[in-house]
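> Based on what follows, work out the 3D shape:
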Amino acid sequence: MSRGESERQVPPTIGRWRGVLYSAAVDVRALTAMVGVVLLGTPIGLALTGPERGAEAAGGLLVAGLALLGVGLPLISVVLARADWSGSAALLDRAAGGPPETRLHEPRTLVRPLAYTVVMLTLGGAVAVLAALAVVGSLVALISPFLTAVGDQAVIGPFTVSTVPQSVLAAVIALGVLTGLVFASPVVARAHALLVLQMLTRPEHRLQRDLTMTAQSRARLVRAFDVERRRIERDLHDGVQPQLMSVSMTLGLALTAMPADAPGRSDVARAQDQARQTLEALRSFVRNIHPQVLIDHGLGAAVGELADTLTIPITVDDRLGGRLPAEVETNLYFCVAELLTNIVKHSGAQHAEVRLHRPQPEQVEINVHDDGGGGAGTSRNENGGLDGIADRVAALEGVLEIDSPLGGPTSITITLSAVGEDRPDD
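Reported below is the predicted structural model:
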């Protein structure tokens, strides 16, 4: 499971007092919304339950009440939805993509806030009223021993507490109720927060958030892969390579000290030659993992060095004019290396050209052109070279364009936008 999926599926732990404060705020907002709706509907209540009025007066009150509800209910729903959205996103410690878009002149944007408000005015309102009554009743019960001690009495709903034993029992029950509310508040708060995000997040916003998290996860994987490449290159360069060099030098010293006709001298010479060949192979392998020239001198120099090692003439036109961020340089280098390797192995080209330039200050464009037989990308295998290039480019939020008609030529362009500031040349 990726990190993005884990964050999306497992809400963080919510502390008790944080849950209490969140639940209390939700209850206050729900009760306030209920009061607001009742006030807006007051004309309708007067028309239906007040003293007998004429038809015109009753009709006027009904029209006024409906007009107030028609204007006020969307406003209440927008305010309630935005407030609960902000609280839910903060409680779950997630970037929910901003509050829901609500525009009074676009009724479709009000559907979800209105539906959420209906839920909060009915089910949420009932829970808020019960919670408020339980808290107020429990607080009265807690002070009832003091009231009965001075000869007074406490009224808790239908119950009247007038004696000290009754007040002590009421206080114990109240303490249990308040403790239960405190322990239940994190669960209730999390359930409400998830409900808010589920009801108020439009499908396209949810899809956009998932795509963003997927892109971030892919970028993290590519970055981790490159870090591991550098670690392997460093271990081979600093560990195995010096040991092989030491073996070759030791064999050379032994060969120098042996007489020309000494038995076994040819075996020592052969071992030294094999050690030298192994050292050269290891150096080539290390360069392919992560070339040192890329770190020291940048993308253009690294591509030029790579082109010199290939079997066909390759022209490198470097017009970048400075260093790119290390992550960008690394990914672009391996993209170009894969493309040039494919040209040498599969295209039958006689010449290739690599152009590195910046059409705009924050844009980088890499074009690889060859005069081979074309057809690149027409029979792509899963997890093949072009797929790996596409993944690297996508991780950098770039664009990969392939123009390779059958018969050739082939032109592949990588374009990156919003590239960071240049690093100074080392």
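
> Same question for stretch 174-185: list its buried residues.
Counting neighbours by 16 or more other C-beta atoms under 10 Å, one finds that the buried residues in stretch 174-185 are 174, 178, 181, 185. In this view, the C-beta of every residue, glycine as well, is placed from N, C-alpha and C.

> Can you give the contact residues for it?
With C-beta atoms under 8 Å, 6 or more residues apart in numbering as the test, stretch 174-185 has contacts from 16-17, 19-20, 22-23, 131, 134-135, 137-142.

> can you rerun that using 10 Å?
Contacts of stretch 174-185 with the rest of the structure, by C-beta atoms under 10 Å, 6 or more residues apart in numbering, involve 14-24, 131, 134-135, 137-144, 156, 188.

> Now intersect the residues you listed with the helices, please.
16-24, 131, 134-135, 137-144, 188 (DSSP state H).

> Can you flag the buried ones in those residues?
19-20, 22-24, 131, 135, 137-138, 140-142, 144, 188.

> Using TSV, lay out those together with distance to Ile312 and pLDDT.
Output for these, formatted as TSV (distance: C-beta to C-beta, whole Å; pLDDT from 0 to 100):
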residue	distance to Ile312	pLDDT
Gly19	67	86
Val20	72	89
Tyr22	66	90
Ser23	71	90
Ala24	73	92
Ala131	77	92
Val135	81	92
Gly137	88	92
Ser138	85	92
Val140	91	91
Ala141	90	91
Leu142	88	91
Ser144	95	90
Val188	69	91
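
> so which of those residues comes closest to Thr122?
Nearest to Thr122 among these: Ala131, at 15.1 Å, using C-beta to C-beta.

> show me the residues around the residue nearest to the closest one when sequence neighbours are not counted that make contact.
Nearest residue to Ala131 in three dimensions, chain neighbours excluded: Asp27, at 5.5 Å (C-beta to C-beta, 6 or more residues apart in numbering). By C-beta under 10 Å, 6+ apart, the contact set of Asp27 is 124-125, 127-132, 135.

> could I get the residues you listed as JSON lines with distance to Met245?
Shown next, in JSON lines, are the contacts of Asp27 (distance: C-beta to C-beta, whole Å):
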{"residue": "Gly124", "distance to Met245": "74"}
{"residue": "Gly125", "distance to Met245": "80"}
{"residue": "Val127", "distance to Met245": "75"}
{"residue": "Ala128", "distance to Met245": "77"}
{"residue": "Val129", "distance to Met245": "82"}
{"residue": "Leu130", "distance to Met245": "80"}
{"residue": "Ala131", "distance to Met245": "76"}
{"residue": "Ala132", "distance to Met245": "80"}
{"residue": "Val135", "distance to Met245": "78"}
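
> and for stretch 166-173, what are the contacting residues?
Counting by C-beta under 10 Å, 6+ apart, 137-138, 140-149, 153-154, 156, 159-161, 163 sit against stretch 166-173.

> let's see it at 7 Å
Outside stretch 166-173, the residues that touch it by C-beta atoms under 7 Å, 6 or more residues apart in numbering are 141-142, 144-145, 148, 154, 156, 161.

> Next: stretch 65-84.
Identification of contacts with stretch 65-84 by C-beta under 7 Å, 6+ apart yields 26, 29, 33, 36-37, 40-41, 43-44, 47, 99-100, 102, 104, 110, 113-114, 116-117, 120, 196, 200.

> what about Val196, helix or strand, and which?
Using DSSP states H and E, the element containing Val196 is helix 164-200.

> scratch that, Val111 is what I was asking about
For Val111, the element it lies in under DSSP H and E is helix 111-119.

> hang on, Gln350 packs against Ile312?
Yes: the pair formed by Gln350 and Ile312 meets the contact definition of C-beta atoms under 7 Å, at 6.5 Å.
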